[in-house]
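Chemist: Here is a sequence together with a model predicted from it:
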Amino acid sequence: MPTRYTGTPEEIQALNTYIKLQRVAETTLANTTAHLSRYGLTTSQFGILEALYHLGILSQRTLAEKLLKSTGNISIVLKNLEKRGLVERHRNPQDLRYMEVRITDKGSELIADLLPAHVAGIVAEMGILTAAEQAELARLSRKLGLRTE
């Protein structure tokens, strides 16, 4: 759906491009994460488990930065993961301001079980694009992302 805004040609093009980008991002995310509900996980919970699984112990602040979420949001998500025994939080003994988060064995098993299907879903979703198109999309995404940092 194009913009209804009546502005300059540059404004209309930018808005239409932004709308397409936003719609494809939302659609792709929905398509590649729908299976997570079968595991009782939200996208944020999966993101935390995946980060801890691959990167090891992280602080709550680092997790928030990596997932582009607020520390308040991460705290709530972690609380729910803790209730399920998927993560543990401990104060850093050297600096009590930092809460360290680690994935439990139960959390590692869950991620190890669902990661292959998750990756396969992403590969299938992105398979509509050729390898060259995927590289171009990655390049343009990086360019846009670096512009906002």
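Modeler: In hand now; what should we look at?
Chemist: in which helix or strand would I find Ile122?
Modeler: helix 105-126 (DSSP states H and E).
Chemist: Flag every buried residue along that helix.
Modeler: By neighbour count on 16 or more other CB atoms under 10 Å, the buried set for helix 105-126 is Gly107, Leu110, Ile111, Leu114, His118. All C-beta atoms are positioned from the backbone trio N, CA, C, and that covers glycine.
Chemist: Then stretch 70-78?
Modeler: Ile74, Val77, Leu78.
Chemist: got it, and stretch 78-93?
Modeler: For stretch 78-93, the neighbour count (16+ other CB under 10 Å) marks Leu78, Asn80, Leu81, Leu86, Val87, Glu88 as buried.
Chemist: and the first one, how far is that from Thr104?
Modeler: Looking back up the chat, that one is Leu78. Counting by CB to CB, to the nearest Å, the gap from Leu78 to Thr104 is 12 Å.
Chemist: Next, the contact list for Leu58, please.
Modeler: For Leu58, the contact set (CB atoms under 8 Å, 6 or more residues apart in numbering) comprises Ala51, Leu52, Lys66, Glu100, Val101.
Chemist: re the thing from before, in helices, which of the buried residues of stretch 78-93 fall?
Modeler: Among the buried residues of stretch 78-93, the members falling in helices (DSSP state H) are Leu78, Asn80, Leu81.
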